[in-house]
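Colleague: predicted coordinates and the sequence they were generated for:
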Amino acid sequence: EIMRLLSMILIVVHHIVGQGLGFQFYCLGGSYAQITNWFPIICIESFCIVGVNLFILISGFYGIRLKSKSVIKFLTVVLGFVVLHTTAEYLYNPEFSIKAALRKVVFFYSENTAWFVKSYFLLMLSSFIINPALKQLSKAQLMTVLAILVYINVYLGFVKHWDINENGYTLSHMVMIYVIGHALKVFDIAERIKRKSCISGYILLSLFLALTIAFFLRRQLGDMAFGY
């Protein structure tokens, strides 16, 4: 639960950097904030970008226990935020009609533009099939499945720009991270690696990611720099 809380904090900071300081707009070639040196922002982003993946990784490690209560709770939380956002938009946007507001609330899931909400809810429903399938796999079969998912998502999606997972904001990406989380538990990775090594690895990989993002931006590949 502490790791889940940490992942949420990282996600909040990631969005403060991305939208609040304008880093996302900068990556896409625009200008938003009056910042001349972006490298410190890139470093902060590199340490925080793992937030969503960490959240899903934990879900895969322990396994999503699909219950009607958890589904109702998830949808209720989403509906609450949709009502809050819709009310604010109606009050401050004179072009936003009551009909549009009602449609946004009534169809709060299908009309939702938040990729995480849609993808994670589908992952919750898919866990009814994924969990039993993973339990049937041997360790060798699990590694084969992982290799296939990495090939589809990383090579075909991120490198070759197939629409199945071009930037990580997809259900396909969530399934891959979920399976990786399951594999970490099956292979007892947490017991084999010391905590100090994990922290050092996180710091080194984040710094490497900062240099990679800086390289992408220099090559005008900002859309790749901001993907999960």
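Modeller: Good, I have the coordinates.
Colleague: what sits against residue 190?
Modeller: Neighbouring residues of residue 190 by Cβ atoms under 8 Å, 6 or more residues apart in numbering: residue 184. Backbone N, C-alpha and C define where each C-beta goes, glycine included.
Colleague: now it: how far from residue 181?
Modeller: 11 Å (Cβ to Cβ, to the nearest Å).
Colleague: next: residue 74.
Modeller: 19 Å.
Colleague: residue 72 sits in which helix or strand?
Modeller: Using DSSP states H and E, residue 72 sits within helix 68-92.
Colleague: for the helix or strand just after that helix, which outside residues touch it?
Modeller: Using DSSP H and E, the helix or strand that follows helix 68-92 towards the C-terminus is helix 98-106. Contact partners of helix 98-106, identified using Cβ under 8 Å, 6+ apart, comprise 79, 82, 83, 86, 87, 89, 90, 111.
Colleague: tell me the contacts of the residue positioned nearest the centre of the chain?
Modeller: Nearest to the geometric centre of the chain sits residue 52, at 3.5 Å (Cα atoms, centre = their mean). Applying Cβ under 8 Å, 6+ apart to residue 52 gives the contacts 7, 11, 116, 228.
Colleague: my guess is the first one meets residue 54, correct?
Modeller: The reference is to residue 7. Yes. Applying Cβ atoms under 8 Å, one finds residue 7 in contact with residue 54, separated by 4.1 Å.
Colleague: can you name the farthest residue from the center of this structure?
Modeller: residue 94 (33.0 Å).
Colleague: now do that residue, the pLDDT please.
Modeller: We note a pLDDT of 86 for residue 94 in this prediction.
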